[in-house]
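> What follows is a predicted structure for the sequence shown.
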Amino acid sequence: MNKYFRENQVRAWSLLTYAEGGQQKYGGNDGYFDKVSQTYDYHKKVINYDQLHQGDIVLIRNNDQLFGISKINKISIHQDIRQQKRCPKCNRTKIDPRKKTKYIYRCFKCKYEFNEPIITSLQGELFTAYYGDYFIPTKDAVNIEDLKKASLDNMRQLSIRPIDFQKIEATLLKNVPGVAILLNKNVSSNHLKSYECEDIKNNDNSNISEYIPIEDDERQILYRQIKERQGQPEFRKALISRYGSQCMISGYKLLEVVEAAHISSYRGLKDNHPENGLLLRTDLHTLFDLDLLGIEPEFLQVKLHQKVLDTGYKCLEGRKLICSKFKPSKEALKSRWSLFLKRLQSDD
């Protein structure tokens, strides 16, 4: 049995990163080269380094916010050399970078202040966890303090911390429904009931009718809706054959949440032409339909509405559409691009 997780419990980890401008607590290390939506680097000296496994759920954060959730699809190991800065007096690496004092550094242990640290090299194995295929942005979906409280340990300074996923699951699913498919769960499951009950508490109970249980399983309706949303089967198959099994913007490869989107709105069978289609992750499909996401027709670059940029999608801005030797219809993209620009102007 794992020292943190019970049998059948979701294996979830909080991974602390500084790649998005977060301030590292101590200045003794040069840090790692994490790409928030793609990879996470760590060494053997990091507590819990040996606990991460393929298939584990990871929540990528800094000290202020949760960036996204994903699932590890691979972990690689290779030799690495990194620099460490040490205190000239006690040789410790826990040194604080200073900004508004005479000296650049102060030792956390002996309090010695200095400008020139001792530089040493540390050679060892570098582990890289890859999770870009499943990454879902979740900015502001879970309060960072609530995430910290969900930890299964009391060591707040750790970079890799085990998470009791059940404590944040309902909040995540309410704010980012796409997480349900990442977890192989249904969004109408019981973990949403706590929020439904909270809504009832905040309303006039006298207007609430008596609950009568029914035998029909509404989850089957949801699955049918997902299938319909994924697009007409032949149209979707043609797009997968043409562009590959992935979202053409994010590169997301979990096909259960990748849908066939029409560039020019569907009005009849002729609009199911493969040149009039894109494969998009469910959330991106919705943004495209609402003209909150546009594709520049000349260079096939993604452009996002400002209100979308502010909700965790900034990493997709300017990304080029993933295409094979085939390209979508330029005329269809031009027509759709004009609608996006019109939406931008009307919302100014």
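Structure's in. What do you need?

> burial of residue 164, as a residue count?
Neighbourhood size, residue 164 [other C-beta atoms under 10 Å]: 16. (Glycine included, C-beta is placed from N, CA and C.)

> From residue 65, how far out is it?
20 Å (C-beta to C-beta, to the nearest Å).

> ok, now residue 173?
In terms of C-beta to C-beta, residue 173 sits 19 Å off from residue 65.

> ok, the two, which is more surrounded?
For residue 173 and residue 65, the more surrounded residue by other C-beta under 10 Å is residue 173, and the numbers stand at 22 against 17.

> I'd like the average pLDDT over the helix or strand harbouring that one.
Assigned by DSSP states H and E, residue 173 falls within helix 166-175. Throughout helix 166-175, pLDDT has a mean value of 90.

> packing partners for the next helix or strand after that helix?
For helix 166-175, the following helix or strand on the C-terminal side (DSSP H and E) is helix 179-182. Helices and strands touching helix 179-182, by 3 or more C-beta pairs under 8 Å, 6 or more residues apart in numbering; DSSP states H and E, are strand 66-71, helix 166-175.

> Mind listing residues that contact helix 179-182?
57, 69-71, 134, 136, 138, 172-173, 186-187, 189, 254, 256-257 (C-beta atoms under 8 Å, 6 or more residues apart in numbering).

> and that helix, average pLDDT?
80.

> Residue 62 contacts residue 68, doesn't it?
No: using C-beta atoms under 8 Å as the test, residue 62 is too far from residue 68 to be in contact (11.6 Å).

> Show me which of those two is the more surrounded one.
residue 68 (21 against 18).

> if I look at the more buried one, how far off is residue 168?
Distance from residue 68 to residue 168, by C-beta to C-beta: 14 Å.

> cool, and residue 11?
Taking C-beta to C-beta, one finds residue 11 at 14 Å from residue 168.

> Over to residue 299?
39 Å.

> Kindly report the same for residue 53.
20 Å.

> just residue 123 next, same as before
38 Å.

> higher neighbour count, these two?
residue 168 (22 against 9).

> pretty sure the more buried one contacts residue 145?
No: applying C-beta under 8 Å as the test, residue 168 and residue 145 come out as separate, 11.2 Å apart.
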